[in-house]
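In: need a structure here:
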Amino acid sequence: MFIHKPEYHQNIDVFLNDAIRHQPDRVEIMRFGLREIPERIRELYSLKHLTIFEQDIRTLPHALFELESLESLTIQVADLEELPADIAKLTRLKSLRISCGCYDRPAPDVKVIPKEELAFRHLPPEIGELQQLEYLDIQYSGIRMLPPEIQNLNNLRSLDIVNGFIESAPDFIYKMTWLDRFLIEDKPFHLCNHGDD
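Out: The predicted structure is shown next:
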């Protein structure tokens, strides 16, 4: 596993150079102060598990969706403009977790973006093409409805849409009898902050 350690990796280029050289199956990118994910991420050919915890990332590059071996993707940001339709290219993906309102370097006076102002408001219909997906978890978003294509996810076991604007389950959810867990909950927001650990 490759995890960013400030004492070893002062910048993302050094970190990626090491990761590309060793080709790990798990990488965590956090606290680099990134505003975009480098295109070189596509060179992590063996990557199966990717966590990105960078508060200023707002878009996901096309290169991310070239990671054909990826099985789990976790995105923790302050806000996300969209989940691109290219998500359908990650055909081996089993777990997708997206959390807005997350700050890896919170200032003392940090103000969490109100849900009403979040840009992340939709899941693309292409999400229904992720036939291996077992876990879908969306935390703190502006999402108000789920695309009906979700009912095409025949391997989905757990669907959590927490702290958004969906007030009740859409009718098609009740046809997804293979789900072990389904949670729609509108609860008070708790700051996602990993601090210095």
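In: what about the residue lying closest to residue 25 once chain neighbours are set aside, how many neighbours?
Out: Distances taken as CB to CB, 6 or more residues apart in numbering place residue 48 nearest to residue 25, at 4.4 Å, with adjacent residues excluded. For every residue, glycine as well, the C-beta is placed using N, CA and C. The number of residues packed around residue 48, counting by other CB atoms under 10 Å, is 17.
In: can you tell me which residues contact residue 48?
Out: By CB atoms under 8 Å, 6 or more residues apart in numbering, the residues touching residue 48 are 25-26, 69-72.
In: same deal with residue 59?
Out: 36, 80-82.
In: can you do 7 Å?
Out: With contacts defined as CB atoms under 7 Å, 6 or more residues apart in numbering, the neighbours of residue 59 are 36, 81.
In: quick one: it and residue 144, what's the gap?
Out: 21 Å (CB to CB, to the nearest Å).
In: Can you tell me the element residue 160 falls in?
Out: If you go by DSSP states H and E, residue 160 is part of strand 158-162.
In: and the angle from the helix or strand following that strand to strand 158-162?
Out: Using DSSP H and E, the helix or strand that follows strand 158-162 in sequence is strand 181-185. Here strand 181-185 points in a direction 0 degrees away from that of strand 158-162 (axes from the mean of the first three to the mean of the last three CA atoms, to 10 degrees).
In: Can you work out which other helices and strands pack against strand 181-185?
Out: Where contact means 3 or more CB pairs under 7 Å, 6 or more residues apart in numbering; DSSP states H and E, strand 181-185 is packed against strand 158-162.
In: Okay, helices next: where are they in the protein?
Out: With DSSP state H as the criterion, the chain has helices at 12-22.
In: okay, and for it, where does confidence drop off?
Out: 1-10, 186-197 (pLDDT under 70).
In: Would you mind pulling the contact partners of stretch 145-162?
Out: 123, 125, 127-128, 130-139, 143, 166, 170, 172, 175-176, 178-185, 187.
In: Swap in 8 Å and give it another go.
Out: So stretch 145-162 is contacted by 94, 122-141, 143, 166, 170, 172-173, 175-176, 178-185, 187 (CB under 8 Å, 6+ apart).
In: Filter those residues down to the buried ones.
Out: Buried by 16 or more other CB atoms under 10 Å: 94, 122-124, 126-130, 133-141, 143, 166, 173, 176, 184, out of the contacts of stretch 145-162.
In: follow-up on the earlier one: just put the contacts of residue 48 in JSON lines and tack on neighbour count and distance to residue 19.
Out: Putting these into JSON lines (neighbours: other CB atoms under 10 Å; distance: CB to CB, whole Å) gives the following:
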{"residue": "25", "neighbour count": "15", "distance to residue 19": "11"}
{"residue": "26", "neighbour count": "15", "distance to residue 19": "10"}
{"residue": "69", "neighbour count": "13", "distance to residue 19": "14"}
{"residue": "70", "neighbour count": "23", "distance to residue 19": "14"}
{"residue": "71", "neighbour count": "19", "distance to residue 19": "17"}
{"residue": "72", "neighbour count": "19", "distance to residue 19": "16"}
